[in-house]
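> Have a look; sequence and predicted model below, questions after that.
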Amino acid sequence: MTYGATQVLRDVTVSIGRGEVVALLGPNGAGKTTTIEILEGFRVPSAGEVQVLGETPHTAGEAWRARVGVVLQSWRDHGKWRVGEFLDYLSLYYADYATPEVERPWPTADLIERVGLGDKTLRRLDRLSGGERRRLDVAVGLLGRPEVLFLDEPTAGFDPQARRDFHELIRSLSDLDTTILLTTHDLTEAEILASRILVLAGGTIVADGSPDDLRHRMSASASVRFRRDGQLHTQSTEDPVSYLRTVLAEPGEIEDLEVRRASLEEAYLSLVRQVETGTETPEASFGIPPEGTDDAPAADPEPTREEA
Ligand SMILES: Nc1ncnc2c1ncn2[C@@H]1O[C@H](COP(=O)(O)OP(=O)(O)OP(=O)(O)O)[C@@H](O)[C@H]1O
């Protein structure tokens with residue numbers, strides 16, 4: 001995909017199966033919104049092939065659009081409408097696309113409750129707070145009970161409770177076999193919601209797998225720390241269970257035992273840094289001291305890298 005002479009995406013090849021919940025991660029400007037807008041049919045790719053629900057998004061018709069839910073990164077319009085009437089109006093569009101299996105539209109009163117706007121049904125849109133407006137955006141995306149749902153930074157501006165409610169809502173949708181692609185900068189959110197993570201960096205997909213795959217790809221080892229008879233020991237090992245067995249078999253009192261694996265955030269940051277700088281990230285780069293450095297100072301959680 002190019003904007004003018006600038007190539008933003010290249011060789012992005014991805015296939016997402018029915019019912020998958022996939023998080024698309026990447027630094028600012030990596031091309032996540034561009035990717036998602038191509039899949040939504042709002043942008044025409046300058047090259048390549050795209051199919052969603054068996055059709056090319058930018059040429060697909062209304063029946064296709066009714067099966068796809070979209071939560072854009074931001075939109076600000078219809079300020080004078082009230083929450084309930086706005087959703088009621090939009091819901092008319094979906095009535096023609098109900099099937100024996102799928103009730104469309106989602107009844108608006110229920111949907112308003114589900115997104116936590118139950119007490120805001122009569123509130124004007126331009127009087128909603130940022131987080132409330134975002135909840136409404138999510139409701140708009142869900143109104144047609146979509147088979148495929150695209151969410152571009154859906155929880156930006158959510159307070160912790162709203163975020164938790166949203167996660168529950170998304171989980172309930174995935175139980176209904178809805179295919180979901182969301183972008184987020186919140187690694188914890190990606191891990192909670194998605195069984196698969198795509199990392200976009202340098203205009204292409206640089207990682208595709210489960211959160212555990214990503215963690216293990218960047219670091220197979222764990223850091224084990226403990227005190228024996230008051231003395232601090234640290235060890236990096238790929239098999240912490242076996243290592244702990246040997247430790248516990250030896251005499252002496254063990255205290256402050258801690259086993260630490262790289263977090264998803266550390267793995268992600270390390271990968272992106274590696275792509276952006278063209279440097280290698282060694283396995284022991286998650287603040288874990290090299291093997292055999294007993295009594296080393298506490299591990300620094302900040303990932304490090306080595307020049308290639
Ligand atoms: N309409 C446009 N015309 C020209 N360049 C654009 C246009 N839209 C986006 N870009 C550029 O394309 C690149 C990718 O933008 P995009 O919005 O897809 O990134 P993103 O990964 O969603 O970023 P963020 O995390 O900041 O939302 C950026 O460098 C951006 O400046």
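Cool, the structure landed.

> Please enumerate the strands of the stretch 51-200 of the chain.
Along the stretch 51-200 of the chain, counting by DSSP state E, counting those that start in this stretch, strands occupy 68-71, 148-152, 179-183, 196-201.

> now swap in the stretch 201-308 of the chain and tell me
204-209, 222-228, 231-237, 254-261.

> shaky segments in the stretch 1-150 of the chain?
For the stretch 1-150 of the chain, applying pLDDT under 70 flags the ranges 74-76.

> Mind doing that once more with 90?
Scanning the stretch 1-150 of the chain for pLDDT under 90 picks out 1-8, 10-11, 29, 71-79, 98-104, 114-116, 129-131, 133-135.

> Write out the residues of this structure neighbouring the ligand.
3, 8, 26, 28, 29, 30, 31, 32, 33, 34 (C-beta under 6 Å from any ligand atom). C-betas here are computed from N, CA, C, even on glycine.

> do that again at 8 Å, thanks
3-4, 6, 8, 26-37, 73, 152-153, 183, 185, 200 (C-beta under 8 Å from any ligand atom).

> Redo the strands of the stretch 51-200 of the chain as JSON lines? Include mean neighbour count.
Shown next, in JSON lines, are those (neighbours: other C-beta atoms under 10 Å):
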{"stretch": "strand 68-71", "mean neighbour count": "23"}
{"stretch": "strand 148-152", "mean neighbour count": "23"}
{"stretch": "strand 179-183", "mean neighbour count": "23"}
{"stretch": "strand 196-201", "mean neighbour count": "22"}
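
> For residue 121, which of the ones you listed is the nearest?
When the strands of the stretch 51-200 of the chain are compared by C-beta to C-beta, strand 68-71 sits nearest residue 121, at 19.8 Å.

> packing partners for that closest one?
On a contact count with 3 or more C-beta pairs under 8 Å, 6 or more residues apart in numbering; DSSP states H and E, strand 68-71 meets helix 130-142, strand 148-152.

> so what strands line up beside that strand?
Applying DSSP bridges to the sheet, strand 68-71 is found paired with strand 148-152 (parallel).

> what is the orientation angle of the partner strand with strand 179-183?
With axes from the mean of the first three to the mean of the last three C-alpha atoms, to 10 degrees defining the directions, strand 148-152 sits at 10 degrees from strand 179-183.

> contacting residues around strand 148-152?
Strand 148-152 has contacts (C-beta atoms under 8 Å, 6 or more residues apart in numbering) with 32-33, 36, 39-40, 52-53, 67-73, 138, 141-142, 173, 178-183.

> got JSON lines for the strands of the stretch 51-200 of the chain, with distance to residue 268 too?
As requested, these are exported to JSON lines (distance: least, C-beta to C-beta, whole Å):
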{"stretch": "strand 68-71", "distance to residue 268": "22"}
{"stretch": "strand 148-152", "distance to residue 268": "18"}
{"stretch": "strand 179-183", "distance to residue 268": "13"}
{"stretch": "strand 196-201", "distance to residue 268": "7"}
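
> returning to what we had before: okay, and which of the residues of the chain next to the ligand map to helices?
Among the residues of the chain next to the ligand, DSSP state H puts 32, 33, 34, 35, 36, 37 in helices.

> about what we covered before: could I have the buried ones of the residues of the chain next to the ligand as ChimeraX selection syntax?
The ChimeraX command for the buried members of the residues of the chain next to the ligand (criterion: 16 or more other C-beta atoms under 10 Å) is given here:
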select :8,26,27,30,31,32,33,34,35,36,37,152,153,183,200
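
> And for the closest residue to residue 234 other than its chain neighbours, the neighbour number?
Among residues not flanking residue 234 along the chain, residue 225 sits closest, at 4.7 Å (C-beta to C-beta, 6 or more residues apart in numbering). Neighbourhood size, residue 225 [other C-beta atoms under 10 Å]: 18.

> what residues are up against residue 225?
232, 233, 234, 235, 256, 257, 258, 260, 298, 299.

> does the fifth one really touch residue 226, like I thought?
What it means is residue 256. Yes. Between residue 256 and residue 226 there is a contact under C-beta atoms under 8 Å: 6.1 Å.

> Of those two, which one has the most company?
Ranked by neighbour count (other C-beta under 10 Å), residue 256 and residue 226 place residue 226 first, with 18 against 10.

> Let me have the ones in helices among the residues of the chain next to the ligand in a markdown table, extended by distance to residue 251.
Output for those, formatted as a markdown table (distance: C-beta to C-beta, whole Å):
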| residue | distance to residue 251 |
| --- | --- |
| 32 | 54 |
| 33 | 59 |
| 34 | 61 |
| 35 | 58 |
| 36 | 58 |
| 37 | 63 |
